[in-house]
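> need coordinates for the below:
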Amino acid sequence: HTFSLGENSNYSYIDFIIDDESKSLENNKDHATTTTTDIFALIEIQVNQYIRQNIPMTPTWLDPRNDSDAAILRERARSRLLPKNLTGAIRLVEIGSSTHSADCHGGGEGVIDFNTCCGTHVPSLGHLQMIKFFRMERVKPTIMRVYFAAGKRLMKVMDGMYDTQAGITSMLSCTDVDQVKRVEQLLEDKKVKEKDMKALKDKLCNFHVKGVVDQCCVNGDGSGGSLAVVDLGDVDMGYMTMLSNAALEEIGRDDVILLLVGGEDGSDEGSFLLIGNKVIVDQVGKEVASMFEGRGGGKNGKFQGKGSKVRTFLGKVEEFLGEAMKAK
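Okay, the predicted model is just below:
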């Protein structure tokens, strides 16, 4: 529902829009400077004051074809433009009444708002119990949407927030007022550990690069190129890619093929990366994936995938690649 908050509020009107789980409040004002956190805090206080006063909400019907009704629509009702082809009576809702205490509108008559609305309404604002604004977001330059809850839904939200905070307090082993500082500390520790892990990963990669280069030198026959097949253990594809790039750069030749596999220790399932000579890799990539009982894809000298038998058939695949290099 929309209602005016009075001239003293420096605020035009607000829209209450009901959705599945939450409600939003849209500020429609030509002056975006009024859509501030302080303004909405004041609105929240004023709306809760109206709720505590248990101001009535009364539906009524007016027919624009009736002169007296038309005069009321022009002089009292606040509404968006009605369709030109609209016929018959129009439903309006009055929040407050002319006989209600005048102080509910900051002076003057007791009507807070009187406008067109066809929705379902509580008989009085007291049924809302309380309203709480949670956050704001700008929809358009002159429109702010505010998310809020009221009544039983507010109680449900607050219960959930309390349970969440209690759980976080327990996990962080701190009081609720120290949660932010504790999380900031954990995030800072995480950054330091990530930096340390990267340094260790770089050192491990350099160690593996040396092993791959040495294997290429041993397996090279001087004419058919060099082949290196390495089971790297429990590593991911990102590490295998970093290692292969570093190894190929170190070797500096285009007649090399690297087959790197990785997966959880003790498991036959894992990932594989076949990289090197473009002609051979593009030719045998799908066959390698099939031999590993898996699938993959790639081109231009790089083929990667996953298989269910990467360790069982690793030796067999190595023999296959050796034959392919000799036959090129």
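> wait, a strand at Thr58?
Yes: counting by DSSP: H, G, I helix; E, B strand; the rest coil, Thr58 is located in a strand.
> ok, what's across the strand from it?
Assessed by DSSP bridges, Thr58 has beta-bridge partners Glu94.
> tally of neighbours for it?
15 (other CB atoms under 10 Å). Any C-beta I mention is one placed from the backbone N, CA and C, and that applies to glycine too.
> got the contact list for it?
93-94, 97 (CB atoms under 8 Å, 6 or more residues apart in numbering).
> tell me the contacts of the residue most central in space within the chain?
By CA atoms, centre = their mean, the chain has its centre lying nearest to Glu137, at 14.9 Å. With contacts defined as CB under 8 Å, 6+ apart, Glu137 is in contact with 144-145, 147.
> the helix or strand hosting it pairs with which strands?
Using DSSP states H and E, Glu137 falls within strand 131-140. According to DSSP bridges, strand 131-140 forms sheet pairs with strand 143-150 (antiparallel).
> buried set for the strand it pairs with?
By 16 or more other CB atoms under 10 Å, the buried positions in strand 143-150 come out as 144-146, 148-150.
> can you pull out the low-pLDDT segments for the stretch 51-200 of the chain?
Scanning the stretch 51-200 of the chain for pLDDT under 70 picks out the ranges 79-82, 98-109.
> do a quick rundown of the helices in it.
67-75, 151-172, 179-219 (DSSP state H, counting those that start in this stretch).
> pretty sure Leu321 contacts Val284?
Yes: here Leu321 reaches Val284: they are 6.9 Å apart, a contact under CB atoms under 8 Å.
> which of those two has more neighbours?
Leu321 (24 against 21).
> return the residues in contact with the more buried one.
Contacts of Leu321 by CB under 8 Å, 6+ apart are 227, 229, 257, 259, 280, 284, 288.
> got the contact list for Gln185?
By CB under 8 Å, 6+ apart, the contact list for Gln185 is empty.
> for the remainder of this discussion, apply numbering that starts at 32.
Sure thing, new numbering starts at 32, so read that last one as Gln216.
> do you know how far it is from Lys222?
For Gln216, the distance to Lys222 (CB to CB, to the nearest Å) stands at 11 Å.
> what bridges to the nearest residue to Val341 once chain neighbours are set aside?
Leaving out its chain neighbours, the residue that sits closest to Val341 by CB to CB, 6 or more residues apart in numbering is Gly301, at 4.3 Å. On the basis of DSSP bridges, Gly301 is bridged to Gly338.
> and Gly301, how many neighbours?
23.
> gap between it and Val142?
In terms of CB to CB, Gly301 sits 73 Å off from Val142.
> my read: Ala120 touches Asp94, true?
Yes: under the criterion of CB under 8 Å, Ala120 is in contact with Asp94, at a separation of 4.5 Å.
> quick one: contacts for Val261?
Taking CB under 8 Å, 6+ apart, one finds 239, 242-243, 246, 289-292 in contact with Val261.
> sec struct for it, please.
strand.
> quick one: it from Leu203, how far?
For Val261, the distance to Leu203 equals 42 Å [CB to CB].
> from Met356, how far out is His152?
81 Å.
> what's across from the residue lying closest to Asp313 once chain neighbours are set aside in the sheet?
Leaving aside its sequence neighbours, Asp313 sits nearest to Lys330 (CB to CB, 6+ apart; 6.0 Å). With DSSP bridges as the criterion, Lys330 is bridged to Lys333.
> what's the burial count for Lys330?
The burial count for Lys330: 10, using other CB under 10 Å.
> ok, now how distant is it from Lys309?
Taking CB to CB, one finds Lys330 at 8 Å from Lys309.
> what do you get for Val124?
When distance is defined by CB to CB, Val124 is 74 Å away from Lys309.
> and Asp265, by the same measure?
With CB to CB as the criterion, Asp265 and Lys309 are 30 Å apart.
> if we can go back for a sec, which of the contacts of Thr89 sits closest to Asp207?
Nearest to Asp207 among the contacts of Thr89, counting by CB to CB, is Val124 at 41.1 Å.
> from memory that closest one sits against Leu93, does it?
No: using CB under 8 Å, Val124 makes no contact with Leu93, being 11.4 Å away.
> how far away is Ser151 from Leu159?
No Ser there; residue 151 is Thr. For Thr151 relative to Leu159 (CB to CB), the value is 13 Å.
> likewise Ser275?
Following CB to CB, the distance that separates Ser275 from Leu159 is 64 Å.
> so between those two, which is more surrounded?
Ser275 (24 against 18).
> now for that one: which residues touch it?
289, 291, 304, 306.
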